[in-house]
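Trainee: Coordinates only, no sequence provided:
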């Protein structure tokens, strides 16, 4: 359980809808505002190189505003590339980008009823 929380916590900053403040290679100086990385308002939960699931949506973030992404959706691809086997750090790097950058995420959603289970694969473009 604590490993899941630690993994989830590692995702809080990268997918937060606010820009991240990053240090440049020169200690004490900052990356210019235009080059700062930002996320799409997702909190993902993953264990090691296991699958990543949406654990939460940042209110007002790009994912929340899309109206398509839900808690429990499984992340399958980023910009058409499979994310199977990627670590949380690797996922963070490919999802976040310079503020205003568009990213296409592919999710798998499983829904079930009394009679059947249904899988839906869908894409959403987020900024």
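Mentor: Received, thanks. Everything numeric here is computed off the predicted structure, so don't read it as measured data.

Trainee: On the three-state scheme, the closest residue to residue 78 other than its chain neighbours is what?
Mentor: Spatial nearest neighbour of residue 78, excluding adjacent residues (C-beta to C-beta, 6 or more residues apart in numbering): residue 94 at 5.0 Å. Any C-beta I mention is one placed from the backbone N, CA and C, and that applies to glycine too. Following DSSP: H, G, I helix; E, B strand; the rest coil, residue 94 is assigned to helix.

Trainee: Tally up the residues packed near residue 94, please.
Mentor: Residue 94 has 14 neighbouring residues, counting by other C-beta atoms under 10 Å.

Trainee: Check the one 5 residues further on too.
Mentor: The burial count assigned to residue 99 is 17, neighbours taken as other C-beta under 10 Å.

Trainee: If we ignore the residues flanking it in sequence, what's nearest it?
Mentor: Residue 99 sits nearest to residue 38 (C-beta to C-beta, 6+ apart), 4.1 Å away.

Trainee: Would you confirm that that neighbour contacts residue 96?
Mentor: Yes. Shown here, residue 38 and residue 96 form a contact pair, counting by C-beta atoms under 8 Å, at 6.4 Å.

Trainee: Enumerate every residue touching the residue nearest to residue 78.
Mentor: Residue 94 makes contact with 78, 79, 81, 83, 86, according to C-beta atoms under 8 Å, 6 or more residues apart in numbering.

Trainee: Next, the contact list for the one residue sitting closest to the centre of the chain, please.
Mentor: Most central in the chain under C-alpha atoms, centre = their mean is residue 42, positioned 4.7 Å from the mean C-alpha point. Shown in contact with residue 42 (C-beta under 8 Å, 6+ apart): 11, 15, 54, 56, 57, 58, 61, 63, 69, 95.

Trainee: same check, this time on residue 74
Mentor: Applying C-beta under 8 Å, 6+ apart, the residues near residue 74 are 51, 52, 53, 54, 107, 108, 109, 110.

Trainee: which non-adjacent residue is nearest it?
Mentor: residue 108 (4.5 Å).

Trainee: ok, now residue 41?
Mentor: residue 61 (1.6 Å).
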